[in-house]
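**Student:** structure of the sequence below:
(one chain, ligands or ions: 1)
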Amino acid sequence: MNLHKKFGGIPEEFAKYDKSKIVLIPVPFDGTSTWQKGADKGFEAFIEASENMELYDIETDSEVYKNGISILNAITEKSSPEAMVEAVHKSVQHQIKRNKFVTLFGGEHSISIGAIRAFYETYENLTVLHLDAHADLRKEYEGSKYNHACAVYEASQHTNLIQIGIRSMDASEKLTMDFEKVYFAHEIAQDNFWMDSALEQMTENVFITFDLDVFDPSIMPSTGTPEPGGLFWNETLEFLNKVFSEKNVVGFDIVELCPNSNNKAPDFLAAKLYYKMLSYKFSNNTNTTGFEEDYDDNFDSPFAKLSKFKDNDNDGF
Ligand SMILES: [Mn+2]
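**Tutor:** Numbers count the residues shown, from 1 in each chain. Next comes the predicted model:
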């Protein structure tokens, strides 16, 4: 599945695994969602929308696809949520070892558990930046630790978890929640300092887990559980831009796109969000000549070891 799919309809030479700095792992899993089903259809809709997107990013003056974006075979393990989480964990581990910048697209939010585990096993003092309408801090839900309602419980125990945009939770989750590191949606609406405050709480290495329902349903209605009072496009991108420029973002996932064939705009939003995040990652916002130098200067990055890309200046990389 998706073997020949390309993000953004990019030329084949930029989609080849060996030459791609970025890998995209589809995990079209929808095994535990409780209300509207359909997150398993999210990836296809996301790719289709991406094919209609222009690939020059105005804000960063860059064409990030030239770093190579390779889509891996989808993780289709669904015999149980546990097995899916382990399959994701293994795959992400493998790609980190191969010095790829790892991105994932859901599927529902339980797919993040294995990815986060692979990253906190790799990086000490990892920050997990969690954007979501929901707290997702349940230790167990409907008999499983790997339910979407438990997406960041493990992160709360093993990482520096910072939560943004939360506006729905169960009272029991208060016991797990670190309120100092939670930026509720109603607070964000009235507070100009939340971005800087959240940034100050982050360690150097950050994994971003992005549940699309953090957005206001007026711009992102295509999620399983839309909640009113969410974030808007420009403020969210302003925040992400700050995070990518001030921290070492080691990977990210985007989850919970539940497409509606009568409204393609949310699918396009998801594709654009993904591309914006990559543009922020691989650009310093002032660079107009290429990415290779940024890339090699960043010795904290696992990419510093990717010497094979340094030798390929003549073939478009
Ligand atoms: Mn959510």
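**Student:** near the ion, which residues of this protein?
**Tutor:** Within the chain, the residues that sit near the ion (Cβ under 5 Å from the ion) are Asp132, Ala133, His134, Asp211, Asp213. Placement of C-beta: from N, CA and C, glycine included.
**Student:** please repeat the previous calculation with a cut-off of 6 Å.
**Tutor:** Within the chain, the positions adjacent to the ion are Asp132, Ala133, His134, Asp211, Asp213, Glu256 by Cβ under 6 Å from the ion.
**Student:** would you check that the last one makes contact with Ser112?
**Tutor:** No - contact status for Glu256 versus Ser112: not in contact, 10.0 Å apart, counting by Cβ atoms under 8 Å.
**Student:** identify the contacts common to the two.
**Tutor:** Gly106 (Cβ atoms under 8 Å, 6 or more residues apart in numbering).
**Student:** of the residues of the chain next to the ion, closest to Gly107?
**Tutor:** Set against Gly107, the nearest of those by Cβ to Cβ is Glu256 (7.9 Å).
**Student:** against Asp191, how distant is that closest one?
**Tutor:** To Asp191, Glu256 is 25 Å away according to Cβ to Cβ, to the nearest Å.
**Student:** now Lys247: closest residue in space that isn't a chain neighbour?
**Tutor:** Nearest non-adjacent residue to Lys247, counting by Cβ to Cβ, 6 or more residues apart in numbering: Val206, 4.6 Å away.
**Student:** quick check, central residue of this structure?
**Tutor:** When the chain is reduced to its mean C-alpha position, the nearest residue by Cα atoms, centre = their mean turns out to be Asp253, at 2.3 Å.
**Student:** about what we covered before: out of the residues of the chain next to the ion, list just those in helices.
**Tutor:** Among the residues of the chain next to the ion, DSSP state H puts none in helices.
**Student:** in the sheet, who's paired with Asn248?
**Tutor:** Asn205 (DSSP bridges).
**Student:** would you check that it makes contact with Ile208?
**Tutor:** No - if you go by Cβ under 8 Å, Asn248 and Ile208 don't touch, sitting 11.6 Å apart.
**Student:** which of those two has more neighbours?
**Tutor:** Counting neighbours by other Cβ atoms under 10 Å for Asn248 and for Ile208 shows that Ile208 has the greater number, 22 against 18.
**Student:** confirm that one sits in a strand?
**Tutor:** Yes - applying DSSP: H, G, I helix; E, B strand; the rest coil, one finds Ile208 inside a strand.
**Student:** next, count neighbours for the closest residue to it other than its chain neighbours.
**Tutor:** Distances taken as Cβ to Cβ, 6+ apart put Phe252 closest to Ile208, at 3.9 Å, once the chain neighbours are dropped. With neighbours defined by other Cβ under 10 Å, the count for Phe252 comes to 27.
**Student:** helix, strand, or coil at Phe252?
**Tutor:** Secondary structure for Phe252, judged by three-state DSSP, is strand.
**Student:** correct me if wrong: it contacts Asp211.
**Tutor:** No - with contact defined as Cβ under 8 Å, Phe252 and Asp211 do not form a contacting pair (11.7 Å).
**Student:** contact partners for His114?
**Tutor:** Careful, residue 114 is Gly and not His. Applying Cβ under 8 Å, 6+ apart, the residues near Gly114 are Met84, Val85, Glu86, Ala87, Val88, His89, Lys90, Ser91, Val92.
**Student:** and the last one, what element?
**Tutor:** Put plainly, it is Val92. helix 81-97 (DSSP states H and E).
**Student:** packing partners for that helix?
**Tutor:** strand 22-27, strand 101-106, helix 112-122 (3 or more Cβ pairs under 8 Å, 6 or more residues apart in numbering; DSSP states H and E).
**Student:** now the ones you listed as CSV including mean pLDDT?
**Tutor:** Listed next are the helices and strands packed on helix 81-97 as CSV, based on pLDDT from 0 to 100:
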stretch, mean pLDDT
strand 22-27, 98
strand 101-106, 98
helix 112-122, 98
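**Student:** and the ones you listed, which is most packed in?
**Tutor:** Highest mean neighbour count of those: strand 101-106, a mean of 27 (counted as mean count of other Cβ atoms under 10 Å).
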